[in-house]
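> no sequence for this one, just the structure:
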């Protein structure tokens, strides 16, 4: 019981800090950071697009590691395995959230900068495929029969983790093979130092927000598992009359 | 020295036993298919339909068809293989034979490998029948090095059926088997699909070098065949 | 002896073993086993042992948990709670010594009985290919002609069931699990099957069996036609709603 209270306190502090970081980061991004020379104010979406893209590449690792632990513990230590599974599903959902955000902000930026919503540029395509992979992971969780969901999902997660580097490599080859070069706003080739604080704070703020989502979803999933356990216990202990 | 030799001999014997089991499964699957001919005939007709429909949709000239033929061929094979992949496990589920398989002391991955090889043979059969038709319908002749298709086709087919057989086993006991298989198989297979389509197009048009895509397919096949073999036991014993 | 099970589950110990002081390994032992399917408890805290060489008939209505019990022992499913041991080990490591037959044939419709049996024998065998006539013998034993080329899909129910029995008998199992083997069978065929099972029980176990002293073939059979299985009912175990209601005749086990 006391633990719950500590967790709650830590959670609330975390949320407050996250909000503060995000507010400060927003101010830096929208007000303080200098206007970019060629793109103007449109470039400010960069402060949201790049951090979300970076984070959507981070959470798949969490999902993968948790899934491997699930597979390892599945038979030996079912209780810990369930915790690992809760981390895995939370990380997958957070991945989908961040890659959706990244895709959306990317499309908005693309519309403003290039005049098109979408182009089959290497990075856009890779991100779309990443999004597809983790949506299919969630689909599997939804459609598979109870009892085997966790195992199958963990297996698929391993496949996805192996697939991600192959996807990124192949898409890069695909785009460089094709003759039509696609313009990409070369923000990567170094940004002005005056833009750094805004960028850094946004990365931090969104990362904190991601961690918060992950933890919150984890707690939710754990609670669902607990209730399932209680219901199971009840149906095991239940008298013969109730069972019939 | 003699100990090393005897260990080696033991390993060899184990390997021979393993492939004996694989061969046993493969022979059984081939025999089942020979008796019923369901999946090959179904797959063939389905692939034919897809090819015809694309042909109607694009009304291709020789130059255009070279550009799109690679893509259409693999899309047709992909769709057709879904039917066969589902079939290949439905067979095991009828009369609950799968329970007997799960209880057998033979390694589970041998069952997987045997079935994947059987599916490889079925899809390869489709390719052999389909390619003359394809060449006729799309007025094809390769401008690049045509013999390289002999490398690309088996590699691409294995990339499809290996993961396909695995995912079909995964979706075996789910509520919507037919729905789930493409949903989980296609996203994972996209790099492989890209590789085979690009390689085929490169060979047909002769404009670029397919080597890089062949390398991709080889890497993809090695990585996923390994994972499939390692994880199949887990999937088969999941309830 | 008649123990009535309450929520605590019934406990069935092998009295002869404890008397002799040696810890003899049971053919199958369930320890506080519960099995849930979603929220439905198919088995609830079942503790029961099956001595080596015993023959048990499990009775109960549909949904009493009979099949779940058998599938747990077969290692086809894992318990949600508790442990299942077969010959003192996890079921999946003892697959060679267990055979499981259900009311479904577990044979390929497209293959003939002989092809089916040879296939499963090859999977069972260590070496490559040599199955040494076991399929033929098993088929003859159940009264089927090994030369029959008709696919199993065209067999009558009774023939299918006999072929299925041949499939499990050919591996010479020490623990034979039969899940509703008499469903879909007429009375005569069922009697014949019981005779075959009785004959199987009396067969000596090959020397490969490792446990000292504990020899003999163990049969666990579920049915809801108690009268048919009577000759095999050395012990009768009655189940209801996922628990064991009673175990009758366990005392005779010691005589085996």
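Alright, I've got the coordinates. Model, not experiment: these values are computed from the prediction.
> and for residue 27, the neighbour number?
With no chain named, the answer covers chain A. Using other Cβ atoms under 10 Å in any protein chain shown, residue A:27 has 13 neighbouring residues. Bear in mind the C-beta positions are built from the backbone N, C-alpha and C, glycine included.
> that's the wrong chain, I meant chain B
15.
> how near is it to chain A?
From residue B:27 across to chain A, the span is 28 Å (Cβ to the nearest Cβ, to the nearest Å).
> is that residue located within a helix, as I assumed?
Yes: per DSSP: H, G, I helix; E, B strand; the rest coil, residue B:27 lies within a helix segment.
> for stretch C:40-53, buried residues please.
C:41-53 (16 or more other Cβ atoms under 10 Å in any protein chain shown).
> out of the residues you listed, who's near chain A?
C:41, C:44, C:45 (Cβ under 8 Å from any Cβ of the partner chain).
> can you put those residues in JSON lines and add secondary structure and pLDDT?
Below are these laid out as JSON lines (DSSP: H, G, I helix; E, B strand; the rest coil; pLDDT from 0 to 100):
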{"residue": "C:41", "secondary structure": "strand", "pLDDT": "84"}
{"residue": "C:44", "secondary structure": "strand", "pLDDT": "88"}
{"residue": "C:45", "secondary structure": "strand", "pLDDT": "88"}
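> mind putting those in TSV, distance to residue A:127 included?
TSV is the format used below for those (distance: Cβ to Cβ, whole Å):
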residue	distance to residue A:127
C:41	45
C:44	49
C:45	51
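> re earlier: show me the buried residues of stretch C:40-53 that map onto strands.
If you go by DSSP state E, the buried residues of stretch C:40-53 have C:41, C:42, C:43, C:44, C:45, C:46, C:47, C:48, C:49, C:50 in strands.
> distance check, the nearest residue to residue A:150 once chain neighbours are set aside against chain B.
Using Cβ to Cβ, 6 or more residues apart in numbering or on different chains and skipping residues adjacent in sequence, the residue nearest residue A:150 is residue A:85, 4.6 Å away. Using Cβ to the nearest Cβ, residue A:85 is found at 13 Å from chain B.
> so residue A:85, which state does it fall into?
Residue A:85 - assigned by three-state DSSP - is helix.
> give the contact list for it.
Remark: with contacts taken as Cβ atoms under 8 Å, 6 or more residues apart in numbering or on different chains, residue A:85 is in contact with A:66, A:67, A:70, A:150, A:153, A:154, A:221.
> picking up where we left off before, how about the buried residues of stretch C:40-53, which pair is most distant?
C:41 and C:53 (31.4 Å; Cβ to Cβ).
> give me the contacts around stretch A:128-148.
A:56-57, A:60, A:63, A:89, A:92-93, A:95-96, A:99-100, A:103, A:149, A:152-153, A:156-157, A:160, A:163-164, A:167, A:171, B:170-171, B:173-176, B:179-180, B:183-184, B:186-188, B:190, B:238-239, C:37-38.
> residues contacting the nearest residue to residue B:189 once chain neighbours are set aside?
Leaving aside its sequence neighbours, residue B:189 sits nearest to residue B:163 (Cβ to Cβ, 6+ apart; 5.9 Å). Residues in contact with residue B:163 (Cβ under 8 Å, 6+ apart) are A:159, B:185, B:188, B:189, B:192, B:224, B:228.
> out of those residues, which is most surrounded?
residue B:192 (28 neighbours).
> that one sits in which helix or strand?
helix B:177-205 (DSSP states H and E).
> for that helix, which positions count as buried?
Quick answer for helix B:177-205 (16+ other Cβ under 10 Å): B:177, B:180-205.
> helix or strand right after that helix?
Taking DSSP H and E, what comes next after helix B:177-205 is helix B:211-237.
> that next one - contacts with which helices or strands?
helix A:149-177, helix B:97-103, helix B:108-137, helix B:149-170, helix B:177-205 (3 or more Cβ pairs under 8 Å, 6 or more residues apart in numbering or on different chains; DSSP states H and E).
> elements contacting the last one?
Of the remaining helices and strands, those touching helix B:177-205 by 3+ Cβ pairs under 8 Å, 6+ apart are helix A:122-143, helix A:149-177, helix B:62-93, helix B:149-170, helix B:211-237.
> pretty sure residue C:216 contacts residue C:205?
Yes: using Cβ atoms under 8 Å, residue C:216 makes contact with residue C:205 at a distance of 6.3 Å.
> and the residue most central in space within chain B, how close does it get to chain C?
The residue lying closest to the centre of chain B (Cα atoms, centre = their mean) is residue B:161, at 2.1 Å. For residue B:161, the distance to chain C (Cβ to the nearest Cβ) stands at 21 Å.
> quick one, what contacts that residue?
Counted by Cβ under 8 Å, 6+ apart, residue B:161 has contacts B:81, B:85, B:116, B:119, B:120, B:123.
> export those to CSV and tack on pLDDT and neighbour count?
Shown next, in CSV, are these (pLDDT from 0 to 100; neighbours: other Cβ atoms under 10 Å in any protein chain shown):
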residue, pLDDT, neighbour count
B:81, 91, 27
B:85, 91, 30
B:116, 96, 30
B:119, 95, 27
B:120, 95, 18
B:123, 94, 29
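> for the closest residue to chain A within the stretch 1-150 of chain C, which residues are in contact?
Minimum separation of the stretch 1-150 of chain C from chain A (Cβ to the nearest Cβ) falls at residue C:41, amounting to 4.1 Å. By Cβ under 8 Å, 6+ apart, the residues touching residue C:41 are A:232, A:235, A:236, A:238, A:243, C:34, C:35, C:242.
> is it true that residue B:216 touches residue A:166?
Yes: counting by Cβ under 8 Å, residue A:166 is a contact partner of residue B:216 at 7.4 Å.
> those two: who's more crowded?
residue B:216 (24 against 20).
> how about that one: what's its closest non-neighbour residue?
residue B:195 (4.3 Å).
> chain C against chain B: which residues are in contact?
Looking at chain B, the residues of chain C close enough under Cβ under 8 Å from any Cβ are C:74-78, C:92, C:95-96, C:98-100, C:102, C:104-111, C:115, C:119-120, C:122-124, C:126-129, C:151, C:167.
> among these, which are within reach of chain A?
Answer for the residues of chain C next to chain B near chain A (Cβ under 8 Å from any Cβ): residue C:78.
> restricted to buried residues, select the residues of chain C next to chain B in ChimeraX.
In ChimeraX syntax, the buried subset of the residues of chain C next to chain B is picked out as below (16+ other Cβ under 10 Å):
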select /C:74,75,76,77,78,92,95,96,98,99,100,102,104,105,106,107,108,109,110,111,115,119,120,122,123,124,151,167
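> any idea which helix or strand comes after the lowest-mean-pLDDT helix or strand in chain C?
Lowest on mean pLDDT, DSSP states H and E among the helices and strands of chain C sits helix C:15-20, with a mean of 41. Where DSSP H and E defines the elements, the next helix or strand beyond helix C:15-20 is strand C:28-37.
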